[in-house]
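**Student:** Sequence and predicted structure below; questions after.
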Amino acid sequence: MKKLIGLLLLCVSTSCQPSREEVCEKLDVGIKTYFEDLAFKENREIKIYDINTVRFSMVGEGAIDTMKSLYYIKQQDRFINRGVNARKSVQSSLSRYEAMKRLGIELPLGWEEEINDGLNESKAYMDSASYYGQLDSIITIKMRQSTDYKPLYYKTRTFVKATMDKDNLLDTLEFILNKDFKLLTVE
């Protein structure tokens, strides 16, 4: 009798769980909704040909923290590159103006302002890089200290085929969605 009750409870509990296909469909709808909302907000036209979740798993807060950390590192690198390029531009201008000065050629009006603007631009990029570096440090400390990784989110591997304006997207991408099938972003 106990075995029969246990078997019945197991059947009831597993029958309430949505199938893998049902979850994949909901994930696909959530991802499609995100792309459509993004296109609407940016006043762009989108045509989605196919969205198909290949696989998914349940992940905890650590996956979100990892996603944030990767985003912060990418942003930091982007600003460092821009800052370095701005600094190189300033150095090139300075070399050109020094050469002109040595040859006795009159320097153009506003050359000092151009140099100062370039230095300020470089500093602004480096300040932004520092900001993202600090965010990454904070999230890294949080990740080291965290021990609670309850599976709260869906991490998907999803095939996407779409066109936004004239930009084509044909790739298999990873997304993280919450239990309400809303796509999570880092911003």
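**Tutor:** Yep, that arrived. Numbers count the residues shown, from 1 in each chain.

**Student:** Number of residues surrounding the closest residue to residue 128 other than its chain neighbours?
**Tutor:** Of all residues not flanking residue 128 in the chain, residue 79 sits nearest, at 4.2 Å (Cβ to Cβ, 6 or more residues apart in numbering). Every C-beta, even on glycine, is put in place using the N, C-alpha and C of the backbone. Residues near residue 79, counting by other Cβ atoms under 10 Å, number 20.

**Student:** Then residue 160?
**Tutor:** 20.

**Student:** what kind of secondary structure is it in?
**Tutor:** strand (DSSP: H, G, I helix; E, B strand; the rest coil).

**Student:** gap between it and residue 26?
**Tutor:** For residue 160, the distance to residue 26 equals 16 Å [Cβ to Cβ, to the nearest Å].

**Student:** next one: residue 64
**Tutor:** As judged by Cβ to Cβ, residue 64 and residue 26 stand 19 Å apart.

**Student:** okay, these two: which has more neighbours?
**Tutor:** residue 64 (19 against 16).

**Student:** follow-up on the earlier one: mind pulling up the pLDDT for the residue nearest to residue 128?
**Tutor:** With respect to pLDDT, residue 79 scores 97.

**Student:** Report the contact partners of it.
**Tutor:** 125-126, 128-129, 132 (Cβ atoms under 8 Å, 6 or more residues apart in numbering).

**Student:** and it, that one's in a helix?
**Tutor:** Yes: counting by three-state DSSP, residue 79 is part of a helix.

**Student:** distance of it from residue 132?
**Tutor:** 7 Å.
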